[in-house]
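1. Dropping a prediction and its sequence here:
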Amino acid sequence: MEYVKSKIRDVQDFPQQGVLFKDLTTAFKDPRALHIIGWDLSQLYRDKGVTKVVGIESRGFIGGSILAFELGAGFVPVRKPGKLPADTLKATYDKEYGKDTIEIHRDAITEDDIVVLHDDVLATGGTMAAAYNLVKSMNPKKIYINFIIELTSLNGRANLPADAEVTSLLKY
Ligand code: AMP
């Protein structure tokens, strides 16, 4: 993980003043760092019977796809409004810098699914809490929550459901 850490770029004041942005693109472009991220993510969920990984647009698609592939699970995108072609469920929420809406296909998850929700960074937790509520409304057997990076100073875990099992590979 120290190797992965060394490949993450900090960008000050992006996308607005006061935000220290954790840029994972510099880790994803590095073959060894990408391999470690994919492997370590998958080790967290081996033998848990995961059937679907839900990735949050857009940076959650990268780790989420790798995790789904490694676990032999399916991949489901949570997207910004107007991007998904079929019938969707929607949620609006506050985030570290503004408001946003997310959508998921209404038929993406079934009651038989064991789901890992994945995003790259846990900041305030608003995005993930909204995604959790969308998936929860489809009544799967179990929902796990996972991030590559957790920004502990923003205490995003406080905004996530108390009963959810939350993991992250790196804490700052
Ligand atoms: P939040 O809803 O506040 O937890 O925000 C999470 C989403 O915003 C994730 O998709 C992150 O990619 C992105 N994000 C928020 N803050 C940061 C940050 N400081 N560095 C990198 N990504 C961030």
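-> Right, received. Where do you want to start? Residues are numbered from 1 along each chain as shown.

2. Centre of the chain to whichever strand or helix holds residue 64, how far?
-> Secondary structure from DSSP states H and E places residue 64 in helix 60-71. The gap between the average C-alpha position of helix 60-71 and the chain average comes to 10 Å, counting by CA atoms, centre = their mean, to the nearest Å.

3. what's the answer for stretch 164-172, then?
-> 10 Å.

4. got it, and stretch 161-172?
-> 11 Å.

5. any idea of the mean pLDDT in it?
-> The average pLDDT within stretch 161-172 is 95.

6. which residue is nearest the centroid of this protein?
-> When CA atoms, centre = their mean is applied to the chain, the residue found nearest the centroid is residue 119 (1.5 Å).

7. Strand partners (parallel or antiparallel) of the helix or strand encompassing it?
-> Using DSSP H and E, residue 119 sits within strand 114-122. Each strand paired with strand 114-122, and its direction, by DSSP bridges: strand 52-56 (parallel), strand 142-150 (parallel).

8. what angle do the helix holding residue 64 and strand 52-56 make?
-> For helix 60-71 against strand 52-56, the angle by axes from the mean of the first three to the mean of the last three CA atoms, to 10 degrees is 160 degrees.

9. what about residue 62, neighbour count?
-> The number of residues packed near residue 62 is 20, by other CB atoms under 10 Å. The C-beta positions use only the backbone N, C-alpha and C, and glycine is treated the same way.

10. quick one: it and residue 27 touch, right?
-> No: with contacts counted by CB atoms under 8 Å, residue 62 stays clear of residue 27, the gap being 10.0 Å.

11. Give me the contact status of the helix or strand of the chain with the lowest mean pLDDT with the ligand.
-> Least confident helix or strand of the chain, by mean pLDDT, DSSP states H and E, is strand 88-95 with a mean of 90. Yes: counting by CB under 6 Å from any ligand atom, the ligand has neighbours in strand 88-95: residue 95.

12. Likewise for stretch 130-146?
-> No: Stretch 130-146 does not reach the ligand (CB under 6 Å from any ligand atom); its nearest approach is 7.9 Å.

13. Hmm, residue 67 is touching residue 41, no?
-> Yes: if you go by CB under 8 Å, residue 67 and residue 41 touch, sitting 4.8 Å apart.

14. overlap in contacts of the two?
-> Here residue 67 and residue 41 share the contacting residues 118, 146, scored by CB atoms under 8 Å, 6 or more residues apart in numbering.

15. The lengthiest helix in the chain to strand 114-122, inter-axis angle?
-> When the chain is parsed with DSSP state H, its longest helix is helix 31-45. Angle of helix 31-45 versus strand 114-122, following the same axes, to 10 degrees, is 140 degrees.

16. pLDDT averaged over helix 31-45, what's the number?
-> 98.
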